[in-house]
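Colleague: let me see the structure of the following:
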Amino acid sequence: MSNKMCRTKQLCMFGVSLLILMLVIALVLGLMAGPGSPLTWLLLASLLVIPFVHRKLTSKRYVEWKDEYSVGIDSIDQQHKKLLNLINQLQTAVDYSTGEEFEREALDELVDYTKTHFTYEEGLMEQNDYPDFEPHKAQHVEMIKKVEEVLAEYDKDPESAMSNAVEYLKDWLIKHINGTDKQYSSFLIEKGVK
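Modeller: Okay, here's the model as predicted:
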């Protein structure tokens, strides 16, 4: 893990913890002075707002399924949802410094499931003689190659490698679903794939 990034995360966590501690102490002192004080209620409100603000700030880093991502084939949509969930698990591992073992498990599970999904998707395309099968498969191969490069970086700088992997995977998956996956979906649906 990069010492600089680790220190930055630790300082951020320390800062938030210190803010909460100071608010709790000030709230206790305010309650001792009397519960009718507007300052006491302001401190209480500030303390209660912190989790909501934190959730709002961190939720932007997670990918949420949107109906517009649907390719119209339920089995593939379910697999795409699972991939998004696995990417979000990896994002959690990165955000909360869960440790190398959990990060590695999250990444390995994501890579394994991605390969399973690609095999399934490619099988449907091959069975139905999809005309752009080879270029689509080449995109899958390129994506796996990129993830393997990130895994190779992991030994040198785990935190940076994980952050890069999460950003790459989120961006790639959404663009892939909305791009080439939507191109094959109408073809497969016409062939009777549901």
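Colleague: show me the domain layout of this protein.
Modeller: Structural domains assigned to the chain are 3-59, 67-190, following automatic domain parsing.
Colleague: in the chain, which spans are strands?
Modeller: Shown for the chain, no strands are assigned by DSSP state E.
Colleague: can you pull out the helices in it?
Modeller: Counting by DSSP state H, the chain has helices at residues 3-33, 38-59, 74-95, 100-127, 133-154, 158-176, 182-190.
Colleague: redo these as CSV? Include mean neighbour count.
Modeller: Where you see a C-beta, it was placed from the backbone N, CA and C, and this is true even at glycine. Shown next, in CSV, are those (neighbours: other CB atoms under 10 Å):
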stretch, mean neighbour count
helix 3-33, 12
helix 38-59, 12
helix 74-95, 18
helix 100-127, 16
helix 133-154, 14
helix 158-176, 19
helix 182-190, 15
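Colleague: now render the ones you listed as a markdown table, adding mean pLDDT.
Modeller: What follows is those, written out as a markdown table (pLDDT from 0 to 100):
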| stretch | mean pLDDT |
| --- | --- |
| helix 3-33 | 69 |
| helix 38-59 | 76 |
| helix 74-95 | 90 |
| helix 100-127 | 90 |
| helix 133-154 | 86 |
| helix 158-176 | 83 |
| helix 182-190 | 90 |
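Colleague: among these, which is nearest Trp65?
Modeller: helix 74-95 (5.2 Å; CB to CB).
Colleague: now do the contacts for Leu86.
Modeller: For Leu86, the contacting residues are Ala106, Glu109, Leu110, Tyr113, by CB atoms under 8 Å, 6 or more residues apart in numbering.
Colleague: now swap in Thr116 and tell me
Modeller: Listed by CB under 8 Å, 6+ apart, Thr116 has no contact partners.
Colleague: distance-wise, check it relative to Ser59.
Modeller: Going from Thr116 to Ser59 by CB to CB, to the nearest Å gives 28 Å.
Colleague: isn't Ser46 right up against Leu23?
Modeller: Yes. With contact defined as CB atoms under 8 Å, Ser46 counts as touching Leu23 (5.7 Å).
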